[in-house]
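1. 3D, please:
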Amino acid sequence: MTNKMSFNELLSFETEHNLWEHQLFAYPLWIHCREPLLSTATMAERKMRRPSLWGMIKSFGLTMKFLLSQYRYEKVFFLMERAELLEVYIQEKNPKKILFLNPEQESVYQGDDYISSDFFSLLRFISRKVAYLIFREKYKKIVKELNRKDLNSYIKDALGDALFLKFLSLVLSKKNEKIYTGAVIPIGEKFLNSLNSFEVQHGVIHSEHIGYIGLPKVKNTLLLYSNRYEKMMRDYGYSGELKLHEYKRSFLEHNSNRYFPIVIYTQPTSDMQEGIKSFFQEFQPTNCYIQKHPKDYFDYEIDKKYFVTATIPSEVGNPIMYTSSIVENFTLYNRDCYIYDLKYHIDVKKFLEIYTTGTESKMIIMDSLEEIYKEIECQK
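-> Residues are numbered from 1 along each chain as shown. Purely as a prediction, here's the structure:
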């Protein structure tokens with residue numbers, strides 16, 4: 001079986017085969033296998049950044065120091081290095097806090113009060129490489145039952161993350177709160193809450209989001225950056241505790257003196273990457289900039305002065321994107337967006353309703369960057 005599924009087909013498939021019952025240390029392994037099966041999902045693997053030897057030694061030393069003194073802290077943050085997410089840590093008034101930072105390809109955090117998550121990431125990587133060997137019989141049983149070779153690597157990762165989470169539950173105190181997203185703590189923690197954890201919403205949640213909809217009982221707390229999501233999630237059966245933390249609004253409304261006439265927000269898809277590269281080579285625009293997706297490692301062969309990071313709506317004259325969650329940043333302020341339609345297998349207009357419901361924003365959909373650029377230039 002190699003076909004991908006619609007979201008409703010995926011839900012039926014899960015129920016028919018009791019897939020949530022496959023567990024290790026009570027960790028539901030199936031959570032790792034949903035996205036690669038969904039027909040509307042765009043898979044983008046994060047490249048592991050190789051730290052320097054000194055960087056790893058420093059991370060190891062500071063991590064050991066933390067483990068020996070963790071009782072001093074009331075809040076421990078595990079966050080990706082994304083400007084808006086770091087607001088969760090920056091806005092925290094409790095001085096008894098500490099940050100484990102998962103570096104992205106673009107460095108955006110200006111502070112030095114953090115511990116690199118590199119050592120924890122190394123342990124997680126090792127766990128993923130050995131867990132399926134340690135639990136060989138369980139791995140073989142799941143592979144045989146699913147009979148889908150395209151899921152084998154995800155099953156291995158799931159076993160590894162289950163083992164790693166078990167390790168974390170043994171070495172981390174449950175007395176302090178763990179606030180996390182995209183760093184160190186595996187996705188399945190939401191079903192166990194073995195660390196006294198609070199997951200931070202880091203993107204748009206919609207009715208077919210595999211990370212939040214159609215799940216078994218969720219035991220930890222999810223921090224929502226907007227109250228517009230609460231009713232929708234409850235309507236679709238989300239069972240975990242929800243709390244409002246408007247960190248994103250604070251980030252989007254900070255004062256800035258930057259301004260970029262046009263910004264293209266990339267996604268890690270080859271069609272968009274090649275389209276942007278060709279557009280810059282042909283038109284050589286001087287008023288157009290690029291903000292790369294955190295998992296976009298493509299070489300655009302463009303002068304680095306045209307790359308920007310952590311933009312907010314007030315800094316951008318005309319935003320261009322495909323189906324990026326960045327759309328929401330602009331629709332929160334009733335801004336119009338240009339959509340570069342890549343003609344994939346989704347109904348772009350319908351999908352964008354996720355972002356535009358309840359706003360006055362318009363999505364201007366066109367088939368090429370050339371069309372969009374000419375339209376913007378005509379508006380001058």
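
2. are we agreed that residue 222 is in a helix?
-> No - using DSSP: H, G, I helix; E, B strand; the rest coil, the assignment for residue 222 is strand, not a helix.

3. quick one, grab the pLDDT at the nearest residue to it once chain neighbours are set aside.
-> Of all residues not flanking residue 222 in the chain, residue 199 sits nearest, at 5.1 Å (CB to CB, 6 or more residues apart in numbering). Any C-beta I mention is one placed from the backbone N, CA and C, and that applies to glycine too. Per-residue confidence (pLDDT) for residue 199: 98.

4. you'd agree residue 199 is up against residue 193?
-> No - counting by CB atoms under 8 Å, residue 193 is not a contact partner of residue 199; they are 9.9 Å apart.

5. how far out from the middle of the chain is the helix or strand harbouring residue 144?
-> If you go by DSSP states H and E, residue 144 is part of helix 136-146. Helix 136-146 sits 29 Å away from the centroid of its parent chain (CA atoms, centre = their mean, to the nearest Å).

6. show me what it is in contact with.
-> Residues outside helix 136-146 that contact it (CB atoms under 8 Å, 6 or more residues apart in numbering) are 17, 19, 22, 24, 29, 33, 132, 152, 155, 156, 159.

7. follow-up on the earlier one: find residues that contact each of residue 199 and residue 193.
-> In contact with both residue 199 and residue 193: residue 220, using CB under 8 Å, 6+ apart.

8. can you pick out the residue with more neighbours from those two?
-> More crowded of residue 199 and residue 193, by other CB atoms under 10 Å: residue 199, with 23 against 18.

9. who does that one form a beta bridge with?
-> residue 180, residue 222 (DSSP bridges).

10. residues contacting it?
-> For residue 199, the contacting residues are 180, 181, 189, 190, 220, 221, 222, 223, by CB under 8 Å, 6+ apart.

11. give me the number of residues near the fifth one?
-> When you say that, I think you mean residue 220. Neighbours around residue 220, by other CB under 10 Å: 20.

12. that one is in contact with residue 189, isn't it?
-> Yes - using CB under 8 Å, residue 220 is in contact with residue 189, at 6.5 Å.

13. find residues that contact each of these two.
-> 197, 199.

14. quick check: buried residues in the helix or strand harbouring residue 320?
-> Here residue 320 sits within strand 316-321, counting by DSSP H and E. For strand 316-321, the neighbour count (16 or more other CB atoms under 10 Å) marks 316, 318, 319, 320, 321 as buried.

15. contact partners for the fourth one?
-> The neighbourhood of residue 320, defined by CB under 8 Å, 6+ apart, consists of 262, 263, 264, 265, 337, 338, 339, 340, 369, 372.

16. number of residues surrounding the fifth one?
-> This means residue 337. Neighbourhood size, residue 337 [other CB under 10 Å]: 25.

17. now the helices for the stretch 101-250 of the chain?
-> Secondary structure of the stretch 101-250 of the chain by DSSP state H, counting those that start in this stretch: the helices cover 118-134, 136-146, 152-171, 189-192, 230-235, 247-252.

18. between these, which one is nearest to residue 73?
-> Among the helices of the stretch 101-250 of the chain, helix 152-171 comes nearest to residue 73, with 14.3 Å by CB to CB.

19. compute the first-to-last residue distance for stretch 285-294.
-> 23 Å (CA to CA, to the nearest Å).

20. coming back round to it: could you identify which of the helices of the stretch 101-250 of the chain is most buried?
-> Comparing the helices of the stretch 101-250 of the chain by mean neighbour count (mean count of other CB atoms under 10 Å), helix 189-192 comes out on top with a mean of 22.

21. helix, strand, or coil at the residue nearest to residue 306 when sequence neighbours are not counted?
-> Excluding its sequence neighbours, the residue lying closest to residue 306 (CB to CB, 6+ apart) is residue 289, at 5.3 Å. At residue 289 the chain is in strand, as set by three-state DSSP.

22. correct me if wrong: residue 289 contacts residue 259.
-> No - if you go by CB under 8 Å, residue 289 and residue 259 don't touch, sitting 10.4 Å apart.

23. these two: which is more packed in?
-> Neighbour totals were compared for residue 289 and residue 259, and residue 289 leads with 20 against 10 (other CB under 10 Å).

24. let me see the confidence value for that one.
-> 98.

25. pretty sure residue 262 sits in a strand.
-> Yes - the assignment for residue 262, made by three-state DSSP, places it in a strand.

26. contact partners for it?
-> If you count contacts by CB under 8 Å, 6+ apart, residue 262 has them with 285, 287, 288, 289, 316, 317, 318, 320, 373, 376.
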